[in-house]
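Trainee: got a structure for you, letters missing:
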């Protein structure tokens, strides 16, 4: 991937999704951290449905520790892996109170020390809550980066992140993160990507492979039509 091709990709996706943003509903860094933790292996839409009630009931770390673990589990039961996530939320809240005065730390290193918070979650929090440029690689970002050859098919999530950080100007990291998610969520979907109307088909080898059978079928159909007309 060269700089010119990456610029073409970035500009095209920016034109398609100029207002891409974090779709997890939150009012502060603490709520965002909880929401991203809950979003692992779960859609943002489902998380937002759960947190609509959750964030009215639990407003600060102390609130999550004031109820029995089973009650919190029931409150997030619609979320996948809810028991494990409930346990991590309680541990996270305890650490916030014991080590950070109940506030979410703003550094990436400190965030990744919190229970249930991995590199991706930390990147989302620092970029959206604290304005620090970052590229969080979720399933959408990984899929799009590999389909557009910004990363290799067998690259790890960390390798994808590092390659995107080299290819994308630092001041565009956060916007690019959101736009790649929107592109993957609403256009370049895991199943049935919209290759036939994709403005990036010219630089997407996977898209060209997917479209090839369609072109072959059209060619065969034309041939049959021509033969029938001659007959």
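Mentor: Ah, there it is. Given the structure is predicted, the values throughout are model-derived calculations rather than measurements.
Trainee: so residue 164, which state does it fall into?
Mentor: helix (DSSP: H, G, I helix; E, B strand; the rest coil).
Trainee: with adjacent residues omitted, what lies nearest to it?
Mentor: residue 135 (5.0 Å; C-beta to C-beta, 6 or more residues apart in numbering). For every residue, glycine as well, the C-beta is placed using N, CA and C.
Trainee: got the contact list for that neighbour?
Mentor: Neighbouring residues of residue 135 by C-beta atoms under 8 Å, 6 or more residues apart in numbering: 123, 141, 161, 164-165, 168, 173-174, 176-177.
Trainee: same check, this time on residue 104
Mentor: 29-30, 33, 96, 111, 125, 129.
Trainee: how about 10 Å then?
Mentor: Residues in contact with residue 104 (C-beta atoms under 10 Å, 6 or more residues apart in numbering) are 28-34, 61, 92, 96, 110-111, 114, 117, 125-126, 129-130.
Trainee: for the residue most central in space within the chain, give its distance to residue 8.
Mentor: Centroid check for the chain by C-alpha atoms, centre = their mean gives residue 138 as the closest residue, at 4.0 Å. Applying C-beta to C-beta, to the nearest Å, the value for residue 138 to residue 8 is 23 Å.
Trainee: also residue 188?
Mentor: 15 Å.
Trainee: how about low-confidence regions in this protein?
Mentor: 213-231 (pLDDT under 70).
Trainee: ok, now with 90
Mentor: Within the chain, the segments meeting pLDDT under 90 span 1-3, 40-41, 80, 203-231.
Trainee: all helices for it, in order.
Mentor: If DSSP state H is used as the criterion, the helices of the chain fall at 3-16, 29-38, 44-57, 61-65, 69-75, 82-100, 108-111, 119-129, 139-147, 157-167, 173-186, 205-230.
Trainee: in JSON lines, list the ones you listed along with distance to residue 195 and mean neighbour count.
Mentor: Formatted as JSON lines, those follow (distance: least, C-beta to C-beta, whole Å; neighbours: other C-beta atoms under 10 Å):
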{"stretch": "helix 3-16", "distance to residue 195": "14", "mean neighbour count": "15"}
{"stretch": "helix 29-38", "distance to residue 195": "30", "mean neighbour count": "23"}
{"stretch": "helix 44-57", "distance to residue 195": "24", "mean neighbour count": "15"}
{"stretch": "helix 61-65", "distance to residue 195": "44", "mean neighbour count": "18"}
{"stretch": "helix 69-75", "distance to residue 195": "41", "mean neighbour count": "16"}
{"stretch": "helix 82-100", "distance to residue 195": "35", "mean neighbour count": "17"}
{"stretch": "helix 108-111", "distance to residue 195": "36", "mean neighbour count": "16"}
{"stretch": "helix 119-129", "distance to residue 195": "27", "mean neighbour count": "23"}
{"stretch": "helix 139-147", "distance to residue 195": "10", "mean neighbour count": "21"}
{"stretch": "helix 157-167", "distance to residue 195": "21", "mean neighbour count": "17"}
{"stretch": "helix 173-186", "distance to residue 195": "13", "mean neighbour count": "23"}
{"stretch": "helix 205-230", "distance to residue 195": "4", "mean neighbour count": "11"}
